[in-house]
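Asks: Mind folding the following:
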Amino acid sequence: MTHTVLVTGVSRHIGARVASALAADPGIGRVIGVDTVPPSSLTRDGGALLGRTEFVRIDLRTPDIAQVISAEDVDTVVHMSLVSEPAKSRSAMMEHNVIGTMQLLAACQRSAMVRRVVVRSTTAVYGSSPHAPAVFTEDTEPVDVPHSGYAKDAIEIEGYVRGFARRRSDVVTSTLRFANLMGPRVDSPLTRYFSQPALPTVFGFDPRLQFVHEDDVVEVMCRMAVEDRPGVFNVSGDGVLLLSQCVRRAGRTALPVPSPAFGVLGMLARTTGLVDFSPEQLALMSHGRVVDTTRLAATLAWKPKFTTAAAFDDFLQSRGMGADRTAALVDWLSGLATRR
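Replies: Got it, this is the predicted structure:
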């Protein structure tokens, strides 16, 4: 039995959903949610999202997290508190992601009770490059290592997690690399990009993209929180979509522009606050990224409920954009012709 689970990052939607799902599990004694923002920020319609989760307001960058883990006899830690875009500044984002994780892992290392640590990461650690392999496995080394933003933070975080796993071999440590999240409540640079009336694309490129539905993210995180599944795992919906297929499904208009102009548009979008496109996201929209999920399927005997296409369609429908049946048929016929 899992007695006490600590979930970080519960002020954000996915963290709140994970904490709520764990709190609803009768096999779990207590769930403690921590974040720098109180739970009131978690409600959009006045309803509580955390269930019986006990909230503690803590900045992970401080040693206070160690006191909570020790005092509450936490035996499982689910680390969801990673931000993919800066709220104030890039340096503040890096401190939150990297320094916060270092403090959390240090607290886990000193605890005699912690026996399971689950960390949310991203497939962005592989980067996006014209020289990259067609499909990344968990053991593939990135050709062009990301040097900025969320991807760089995730690489550093995973390094600290590996060091922790070596020092505390008695603790089951799991790292989940998620593809780009999609779903009705996902708010990200990519979902905001697809919500625009016209979508700039890089002339001459049609990148392959993968998505994972928020429901599948919650389910796999909860599975890892109650099962001993050490290792690193890619998580994505089955299949891929070309950017051109995404544009067609969304009923939007593509605006192909030269690569330098696309970068300029990205910078302009960041300054206006319309869409925050980081350099690694610009690379993704040029070269794409596809990962292999065989290891996760074999380890958990689990298959995501949503394919990449289904996750994207659910996002579109939730925004009133809808998936054009003709576009879906064209995509299906295109895929069939490619296979033949």
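Asks: residue ranges with poor pLDDT in the stretch 1-150 of the chain?
Replies: Within the stretch 1-150 of the chain, the stretches falling below the threshold (pLDDT under 70) are 1-2, 39-49, 86-88.
Asks: ok, 80 please
Replies: Within the stretch 1-150 of the chain, the stretches with pLDDT under 80 are 1-2, 38-50, 84-90, 148.
Asks: what ranges do the strands span in it?
Replies: Using DSSP state E, counting those that start in this stretch, the strands assigned to the stretch 1-150 of the chain run over residues 2-8, 28-35, 54-57, 76-79, 116-122.
Asks: Not counting the last one itself, show me its contacts.
Replies: Put plainly, it is strand 116-122. 2, 75-80, 82, 84, 101, 105, 108, 150-151, 154, 157-158, 161, 164, 171-178, 221, 224-225, 228 (C-beta atoms under 8 Å, 6 or more residues apart in numbering). All C-beta atoms are positioned from the backbone trio N, CA, C, and that covers glycine.
Asks: Inside helices: which ones of the residues you listed?
Replies: Those of the contacts of strand 116-122 mapping onto helices are 101, 105, 108, 150-151, 154, 157-158, 161, 164, 221, 224-225, per DSSP state H.
Asks: Quick one: buried ones out of those?
Replies: 101, 105, 108, 150-151, 154, 157-158, 161, 164, 221, 224-225 (16 or more other C-beta atoms under 10 Å).
Asks: which residues does H131 contact?
Replies: Going by C-beta under 8 Å, 6+ apart, H131 touches 143-144.
Asks: about what we covered before: switch the strands of the stretch 1-150 of the chain over to CSV; also include distance to F262 and mean neighbour count.
Replies: What follows is the strands of the stretch 1-150 of the chain, written out as CSV (distance: least, C-beta to C-beta, whole Å; neighbours: other C-beta atoms under 10 Å):
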stretch, distance to F262, mean neighbour count
strand 2-8, 35, 23
strand 28-35, 35, 23
strand 54-57, 41, 16
strand 76-79, 34, 26
strand 116-122, 22, 24
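Asks: Same list (the ones you listed) but as JSON lines, adding distance to S91.
Replies: Below are the strands of the stretch 1-150 of the chain laid out as JSON lines (distance: least, C-beta to C-beta, whole Å):
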{"stretch": "strand 2-8", "distance to S91": "20"}
{"stretch": "strand 28-35", "distance to S91": "20"}
{"stretch": "strand 54-57", "distance to S91": "23"}
{"stretch": "strand 76-79", "distance to S91": "21"}
{"stretch": "strand 116-122", "distance to S91": "20"}
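Asks: nearest to G320, of those strands?
Replies: The closest of the strands of the stretch 1-150 of the chain to G320 is strand 116-122. By C-beta to C-beta, the value is 28.1 Å.
Asks: and the closest one, which strands flank it?
Replies: Its sheet considered, strand 116-122 pairs with strand 76-79 (parallel), strand 172-178 (parallel) by DSSP bridges.
Asks: Of all pairs in the ones in helices among the contacts of strand 116-122, which one is the farthest apart?
Replies: Largest separation among the ones in helices among the contacts of strand 116-122 by C-beta to C-beta: A151 and A225, giving 24.9 Å.
Asks: Name the residues that touch stretch 92-99?
Replies: Outside stretch 92-99, the residues that reach it (C-beta under 8 Å, 6+ apart) are 60-61, 81-83, 85-87, 150, 153-154, 156-157, 160.
Asks: Dump these to JSON lines, plus distance to F306.
Replies: Compiled in JSON lines, the contacts of stretch 92-99 are given as follows (distance: C-beta to C-beta, whole Å):
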{"residue": "L60", "distance to F306": "30"}
{"residue": "R61", "distance to F306": "35"}
{"residue": "S81", "distance to F306": "24"}
{"residue": "L82", "distance to F306": "22"}
{"residue": "V83", "distance to F306": "24"}
{"residue": "E85", "distance to F306": "24"}
{"residue": "P86", "distance to F306": "29"}
{"residue": "A87", "distance to F306": "28"}
{"residue": "Y150", "distance to F306": "23"}
{"residue": "D153", "distance to F306": "27"}
{"residue": "A154", "distance to F306": "23"}
{"residue": "E156", "distance to F306": "30"}
{"residue": "I157", "distance to F306": "26"}
{"residue": "Y160", "distance to F306": "31"}
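Asks: Looking at these, which one is closest to L316?
Replies: Lowest distance from L316 to the contacts of stretch 92-99 (C-beta to C-beta) belongs to E85, with 21.7 Å.
Asks: Could you check how far the closest one is from S111?
Replies: Taking C-beta to C-beta, to the nearest Å as the measure, E85 falls 31 Å from S111.
Asks: Compare the two and say which is more crowded by neighbours.
Replies: Legend: neighbour count by other C-beta atoms under 10 Å for E85 and S111, higher for S111 (18 against 15).
Asks: The more buried one touches A71, doesn't it?
Replies: No: between S111 and A71 there is no contact under C-beta atoms under 8 Å: 10.5 Å.
Asks: Could you give me the buried positions within stretch 130-141?
Replies: Using 16+ other C-beta under 10 Å as the test for burial, stretch 130-141 gives 132, 136, 138.
Asks: mind saving the C-alpha coords of that stretch as CSV?
Replies: C-alpha atoms of stretch 130-141 as CSV (Å, rounded to 0.1, in the frame of the first residue of the first chain):
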residue,chain,number,x,y,z
PRO,A,130,17.7,17.7,-39.6
HIS,A,131,20.3,15.2,-38.6
ALA,A,132,18.2,13.4,-35.9
PRO,A,133,17.1,9.8,-36.4
ALA,A,134,13.6,9.1,-37.7
VAL,A,135,12.5,7.7,-34.3
PHE,A,136,14.0,8.3,-30.8
THR,A,137,14.2,5.5,-28.3
GLU,A,138,14.9,6.1,-24.6
ASP,A,139,18.6,5.2,-25.3
THR,A,140,19.1,7.5,-28.3
GLU,A,141,21.6,10.3,-27.7
